[in-house]
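Participant: Sequence unavailable; structure follows:
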């Protein structure tokens, strides 16, 4: 049987057309199933560079946001511990005022109360979050406070502090680094430990001047703790503002990436229906050609 050159060429053209249409149908089905059309870069060649840059920026922004959120958790835990220390200092001051107001022999077991408060203060300063000590500087694996016996009576953090002087910071965004913690060696805590130690000694010796000195130290410690909370509150507010910016940027970048890479379902469905109709019509033509008789060729 001899095949005419015209028929062969027509068949090759038809086969190629069918293959291209089948490929478009598969691509449309994949677009609809995956929701993404950017696997074919030639379709977004004019926006491919913008898509790559947007994805890289989103990854960077997401890392900054995740780290900032983690630091926020540490700040909240630190503030809760500072609030507890402030309450302890206030209770201690009230106890000292009551002790100084007694006209005769003391009925207040101040020495026992002081020992309990010192343990409580050490516990607050040894607080951990996710396995990290909050008040130890960069030595987050070691408890920062180890109480000596007897308690210190001078404002000297080296008598109890086991951390270092490096205050943790966070890079919240490019070029912005924020300190978000304090250490147990900060002056208000050293003052409070010294006030506790002085109060115990003065109580046992019935030393009024020593009790008044302890009260003065406790008052300054309470003021200092309030200042520490205020300072960290400013850092927390700044981090919150930066985090809001990161969240807004992530929403914008998601929209940008989606507008380039995501499937337009309505358009993809219309394209799929059109190509499927074309494919069915082409199959019908091929079937009719296959059934053509010799007489049809000779016409």
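Facilitator: Noted; the coordinates are in hand. Just so you know, these numbers come straight off a predicted model, no measurement behind them. Numbering: from 1, shown residues only.
Participant: Can you show me the strands along the stretch 151-299 of the chain?
Facilitator: 169-173, 176-179 (DSSP state E, counting those that start in this stretch).
Participant: Buried residues, stretch 144-153. List them.
Facilitator: 144, 145, 147, 151, 152, 153 (16 or more other CB atoms under 10 Å). Backbone N, C-alpha and C define where each C-beta goes, glycine included.
Participant: between those residues, which is nearest residue 87?
Facilitator: Using CB to CB, residue 145 comes nearest to residue 87 of the buried residues of stretch 144-153, at 17.8 Å.
Participant: That closest one touches residue 120, doesn't it?
Facilitator: No - shown here, residue 145 and residue 120 do not form a contact pair, counting by CB atoms under 8 Å, at 11.4 Å.
Participant: What is the burial count for the residue nearest to residue 208 when sequence neighbours are not counted?
Facilitator: What sits nearest to residue 208 in space, not counting adjacent residues and going by CB to CB, 6 or more residues apart in numbering, is residue 100, at 6.9 Å. When counting by other CB atoms under 10 Å, one arrives at 14 neighbours for residue 100.
Participant: And the helices in the stretch 1-150 of the chain, which stretches?
Facilitator: 5-34, 48-100, 110-125 (DSSP state H, counting those that start in this stretch).
Participant: and the protein, what are its domains?
Facilitator: Annotated domains of the chain cover 15-33+265-285, 74-246 [automatic domain parsing].
Participant: okay, those domains, which one's buried deepest?
Facilitator: domain 74-246 (a mean of 17; mean count of other CB atoms under 10 Å).
Participant: End to end on that domain, go ahead and measure it.
Facilitator: End-to-end distance for domain 74-246, by CA to CA, to the nearest Å: 19 Å.
Participant: so where is the stretch 51-200 of the chain shaky, pLDDT-wise?
Facilitator: 104-105 (pLDDT under 70).
Participant: on that earlier part again, which single one of the buried residues of stretch 144-153 is nearest to residue 258?
Facilitator: Relative to residue 258, the closest of the buried residues of stretch 144-153 is residue 144; by CB to CB it sits at 47.2 Å.
Participant: From what I see, that closest one and residue 137 are in contact.
Facilitator: Yes - with contacts counted by CB under 8 Å, residue 144 reaches residue 137, the gap being 7.4 Å.
Participant: Give the intersection of the neighbour lists for the two.
Facilitator: 163, 183, 185 (CB atoms under 8 Å, 6 or more residues apart in numbering).
Participant: Of all the domains of the chain, which one is nearest residue 65?
Facilitator: domain 74-246 (3.9 Å).
Participant: And the contacts of stretch 222-231?
Facilitator: Contacts for stretch 222-231 (CB under 8 Å, 6+ apart): 79, 82-83, 85-86, 89-90, 93, 182, 186-189, 191-192.
Participant: Give the residues shared as contacts by residue 145 and residue 120.
Facilitator: Counting by CB under 8 Å, 6+ apart, nothing touches both residue 145 and residue 120.
Participant: Could you dump the strands of the stretch 151-299 of the chain into a markdown table with distance to residue 236 added?
Facilitator: As requested, these are arranged in a markdown table below (distance: least, CB to CB, whole Å):
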| stretch | distance to residue 236 |
| --- | --- |
| strand 169-173 | 11 |
| strand 176-179 | 9 |
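Participant: isn't residue 214 right up against residue 192?
Facilitator: No - contact criterion CB under 8 Å: residue 214 and residue 192 do not qualify, at 10.0 Å.
Participant: Distance to residue 253 for the domains of the chain - can I get that in TSV?
Facilitator: As requested, those are arranged in TSV below (distance: least, CB to CB, whole Å):
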stretch	distance to residue 253
domain 15-33+265-285	21
domain 74-246	10
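Participant: The ones you listed: which one's closest to residue 60?
Facilitator: domain 74-246 (8.3 Å).
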